[in-house]
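A.B. asks: Build me a model:
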Amino acid sequence: MRLLNRLLILATFTAVTFSTLSAAYPTAPLAVGQSIPAANLRTDKGDAITLKSAIVKPTVLIFYRGGWCPYCNRQLSALATIEADILAAGFQLIALSPDVPAKLREKPAMEKTNYTLLSDSAMEAAQGFGIAFKVEDELVAKYKNSYKIDLEAASGSTHHLLPHPAVFIVDATGVIRFAHVNTDYKVRLEPEKILAAIKEVSAAK
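C.D. replies: Sure thing, here's the model as predicted:
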């Protein structure tokens, strides 16, 4: 329980810093006990699906910035190493990003993953969870010109929105039981801490 409390405190602390990042999209993450929002998503095959219909059982829900992000790719590869443990605990693993469906498994590492990747290209889920922020136009241009990262091509949109890296654990009814959000795009919640959170959430049922 102490681990879970520490992680929840971190999520609360980071939440108060979000409003300084983008006045147009002030960020206030959903908290434990709140219900997930309605959101229209797409599968990696391009099929329409709603977030609520995807939550068919207790779920570990991951928000990441996109396949162009090396920190995200390392995180997704690390998640693959604990997927069996997540499934054994009775949970499923779903990862959401702004990438269009065709780009979800574009990277070689993603072709080998078995867990569900969903496209939140309209950023409905990220905004509903209160973790979306707008990338400034100058930085969008720098990404494209200096690093060959085209955010508009990745999302198929000009909204220039990205999610803060986040992990939510949701029960089968769509209620959030654990939340971890960090504004530092280089930092991810370690796999062993996700498993520890799953254990504590399960014990609290």
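A.B. asks: Could you list the single helix or strand in this protein with the lowest mean pLDDT?
C.D. replies: None of the helices or strands of the chain scores lower by mean pLDDT, DSSP states H and E than helix 2-15, at a mean of 45.
A.B. asks: Contacts made by the top helix by length along the chain with the rest, please.
C.D. replies: Longest among the helix segments of the chain by residue count, using DSSP state H, is helix 70-88. Here helix 70-88 makes contact (Cβ atoms under 8 Å, 6 or more residues apart in numbering) with 60, 62, 64-67, 92-93, 95, 97, 107, 109-110, 112-115, 165, 185-186, 188, 190-192, 194-195, 198. For the C-beta atoms, the positions are set from N, CA and C on the backbone; glycine is no exception.
A.B. asks: got a list of what the residue positioned nearest the centre of the chain touches?
C.D. replies: What sits nearest the mean C-alpha location of the chain, by Cα atoms, centre = their mean, is residue 63, with 0.7 Å. Residue 63 makes contact with 95-97, 120, 125-126, 129, 131, 163-168, according to Cβ under 8 Å, 6+ apart.
A.B. asks: 7 Å instead, please
C.D. replies: By Cβ atoms under 7 Å, 6 or more residues apart in numbering, the contact set of residue 63 is 96, 126, 131, 163, 165, 166.
A.B. asks: how far away is the first one from residue 124?
C.D. replies: The reference is to residue 96. 10 Å (Cβ to Cβ, to the nearest Å).
A.B. asks: Now do the strands in this protein.
C.D. replies: Under the criterion DSSP state E, strands of the chain are mapped to 40-43, 48-50, 59-63, 92-97, 116-119, 132-134, 161-163, 166-170, 176-181.
A.B. asks: Pipe those into TSV and attach distance to residue 155 per row.
C.D. replies: Putting the strands of the chain into TSV (distance: least, Cβ to Cβ, whole Å) gives the following:
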stretch	distance to residue 155
strand 40-43	12
strand 48-50	17
strand 59-63	14
strand 92-97	9
strand 116-119	9
strand 132-134	12
strand 161-163	8
strand 166-170	17
strand 176-181	20
